[in-house]
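J.: build the 3D model from these lines:
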Amino acid sequence: MPEQPHDPELAIAGTGMGGPMDLATSEAETLDRSPGGPDGTGPQDRPRSLWSDAWRDLRRNPVFIISALVILFLVVISIWPSLIASGNPLKCDLSKAQEGSQPGHPFGYDGQGCDVYTRTVYGARTSVTVGVLATLGVAVLGSVLGGLAGFFSGAWDSVLSRITDIFFAIPVVLGGLVLLSVVTSNTVWPVIGFMVLLGWPQISRIARGSVITAKQNDYVQAARALGASNSRLLLRHIAPNAIAPVIVVATIALGTYISLEATLSYLGVGLKPPTVSWGIDISAASTYVRNAPHALLWPSGALAITVLAFIMLGDAVRDALDPKLR
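T.: Next up, the predicted model:
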């Protein structure tokens, strides 16, 4: 039998009803490809992870955008304060003490004749540095201790829980007054160390509960049955799925640590001169607030905006990472 000529413009396919169906060449080529979607009608989308879903929600959240822009601005001026303040925060002129706004000095002068604007800008560096380093230390120490307690349980969990209860019983401000009053260093490290010492129990409790929940999932049990080591279970399977609550709490706590640094400096046991800090400036300006309220207003306002920005960022991250709020 002679071979039938092939028509490239037309493809013939049998239908389920037994009749012919004409398909254009492009449609026939499409059918030749393996279907990608679950119904065979189109390419299948890659499944999104918790982090990709969270990032998608955060990009659409105006609270996150506003708070992130404020924090980005604070980070930039903390690294390069000379971008918007060309003066020296330690250069003072007693003849201009407590004077108000002047050309080139929009925030006026404090009780020592220092430019309030310059000191407010440079004070962001100290406050943000203390907050970020204290949060990192608390998050790392608390996550490690709490994660190990939640994973191994038993005696380790019991001992750590009792130690955590002891630290929870120590009032933060009172503990700072007692511990930091004997420190003579003018650096930020004693304050950061104190915050890490009293701040890790909160993160530890969060990490412990999150790890206990994550290790009961089926994929962890399957990995354990296949012979995965404890380190692999923790680092590969449990930690990526248990870190979200820690990130949320740490983000909100960052603003709290900035406020705590200002409180301790205000009480005279935190940072000390010549360090430039919002807490130090607020403490100094409170003694002459009636004569020069501007010296108290601007550092207090900067502190309030910073703390509010980090709290708003933490709330936005929590809403994005919590599946119950979707």
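J.: for stretch 163-182, buried residues please.
T.: 164, 176, 179-180 (16 or more other Cβ atoms under 10 Å). Backbone N, C-alpha and C define where each C-beta goes, glycine included.
J.: correction: the previous question concerned stretch 121-138.
T.: For stretch 121-138, the neighbour count (16+ other Cβ under 10 Å) marks 121-135, 137-138 as buried.
J.: what stretches of this structure score poorly on pLDDT?
T.: Across the chain, the ranges flagged by pLDDT under 70 are 1-50, 323-326.
J.: all strands for it, in order.
T.: For the chain, applying DSSP state E gives strands covering 11-14, 20-23.
J.: how many neighbouring residues does residue 159 have?
T.: Residue 159: 11 surrounding residues under other Cβ atoms under 10 Å.
J.: list the contacts for the residue lying closest to residue 139 once chain neighbours are set aside?
T.: Excluding the flanking residues, the one nearest residue 139 by Cβ to Cβ, 6 or more residues apart in numbering is residue 250, at 4.5 Å. Applying Cβ atoms under 8 Å, 6 or more residues apart in numbering, we find residue 250 in contact with 135, 138-139, 203.
J.: among these, which one lies nearest to residue 240?
T.: residue 139 (15.3 Å; Cβ to Cβ).
J.: tell me how far the residue nearest to residue 139 lies from residue 90.
T.: Distance, residue 250 to residue 90, by Cβ to Cβ, to the nearest Å: 33 Å.
J.: which of the buried residues of stretch 163-182 sit farthest apart?
T.: Going by Cβ to Cβ, the pair spanning those furthest: 164 and 180, at 22.1 Å.
J.: OK, contacts around residue 176?
T.: Contacts of residue 176 by Cβ under 8 Å, 6+ apart are 194, 260, 264, 267, 269-270.
J.: typo on my end, it should be residue 74
T.: Contacts of residue 74 by Cβ under 8 Å, 6+ apart are 124, 128, 306, 309.
J.: redo those residues as TSV? Include distance to residue 103.
T.: Output for the contacts of residue 74, formatted as TSV (distance: Cβ to Cβ, whole Å):
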residue	distance to residue 103
124	23
128	29
306	27
309	30
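J.: now, the residues you listed that are in helices?
T.: 124, 128, 306, 309 (DSSP state H).
J.: out of those, which comes closest to residue 234?
T.: Closest to residue 234 out of those is residue 128 (31.7 Å), distances taken as Cβ to Cβ.
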